[in-house]
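# need a structure here:
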Amino acid sequence: MNSIAIITARGGSKRIPRKNIKDFCGKPIIAYSIEAALKSELFDEVMVSTDDEEIAEISKKYGAKVPFMRSKENSNDFATTEDVLIEVLEKYKKRGKSFTYVCCIYPTAPFVTPQKLIAAKELLFNSPSADSIMPVTTFSFPPQRGLIIKNNSLTYMYPENATKRSQDLEQIYHDCGQFYYCKTSSLLKYHDVIGINTLPLIVPESEVQDIDNVSDWNIAEMKFNLAHNSKNGKFT
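The predicted structure is shown next:
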């Protein structure tokens, strides 16, 4: 069954200029997403959706295809990931290509590995009722015991959990922000990479870092270097 990896790399990053092609531990950060997709050998097509010529050239250098540029309407701050994916699928359809599965990979996801993509594929392929797979990780601190500020004073957001032990609270997960693997039919039906039934791929917290600002970037590089410099430092 045909699968496509779509790496979404808009050129207009504001908080970290040129974020998608900024050097991350020795190479443009988008290269990690491209290389993971190619090395997984899962996809009939590994492409980058971008509105930026420099991103396109760097992407092609690392082996991705850029058969067309992203439209202006899907290159602004309000375009959703789903808008971009559906645009790509529609353009391929006009070229006579369709795909049963689509994997959306973010361009600033250096912790994505071929192994994670393969695990997600196997989970989705072996779960007929599932619409998609989302990599998730646990919160390092229980959100149920979070604090808010009221009248300049700290107070528990959920006072009923103030005296509960952490181990007695239900485990809560959050999106890793790395990739989504979904059925194309579900994406087109619900206009959402989540669909109705999304299964989790649980990832260690050490292999997850949201990168929204320079501080996040520095932490991500530290985590990445620590893993690769350790004796058994291989992401799974």
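# got the CA coordinates for stretch 70-89 in PDB?
Only the C-alpha atoms of stretch 70-89 are listed here, as PDB (Å, rounded to 0.1, in the frame of the first residue of the first chain):
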ATOM      1  CA  ARG A  70       3.300  25.400  -1.400                       C
ATOM      2  CA  SER A  71       0.500  27.800  -2.300                       C
ATOM      3  CA  LYS A  72       0.400  31.300  -0.800                       C
ATOM      4  CA  GLU A  73      -2.900  30.600   1.000                       C
ATOM      5  CA  ASN A  74      -1.300  27.700   2.900                       C
ATOM      6  CA  SER A  75       1.900  29.600   3.700                       C
ATOM      7  CA  ASN A  76       0.500  32.100   6.200                       C
ATOM      8  CA  ASP A  77       0.300  31.900  10.000                       C
ATOM      9  CA  PHE A  78      -3.300  30.700   9.900                       C
ATOM     10  CA  ALA A  79      -2.900  27.600   7.600                       C
ATOM     11  CA  THR A  80      -3.200  24.400   9.500                       C
ATOM     12  CA  THR A  81      -1.100  21.300   9.200                       C
ATOM     13  CA  GLU A  82      -4.200  19.500   7.700                       C
ATOM     14  CA  ASP A  83      -4.600  22.300   5.100                       C
ATOM     15  CA  VAL A  84      -1.000  21.700   4.000                       C
ATOM     16  CA  LEU A  85      -1.300  17.900   3.900                       C
ATOM     17  CA  ILE A  86      -4.600  17.900   1.900                       C
ATOM     18  CA  GLU A  87      -3.100  20.400  -0.600                       C
ATOM     19  CA  VAL A  88      -0.100  18.100  -1.200                       C
ATOM     20  CA  LEU A  89      -2.400  15.100  -1.600                       C
END
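# what mean pLDDT does it get?
Stretch 70-89 comes out with an average pLDDT of 94.
# run through who's touching it.
Stretch 70-89 is contacted from outside by 4, 6, 8, 10-12, 47, 49-51, 98-99, 102, 104, 184, 187-188, 191-193, using CB atoms under 8 Å, 6 or more residues apart in numbering. For glycine as for every other residue, the C-beta is placed from the backbone atoms N, C-alpha and C.
# just the buried members of those?
Burial by neighbour count, judged by 16 or more other CB atoms under 10 Å, picks out 4, 6, 8, 10-11, 47, 49-51, 99, 102, 104, 184, 187, 192-193 from the contacts of stretch 70-89.
# next step: those restricted to strands.
The strands, defined by DSSP state E, take in 4, 6, 8, 47, 49, 102, 104 from the buried ones among the contacts of stretch 70-89.
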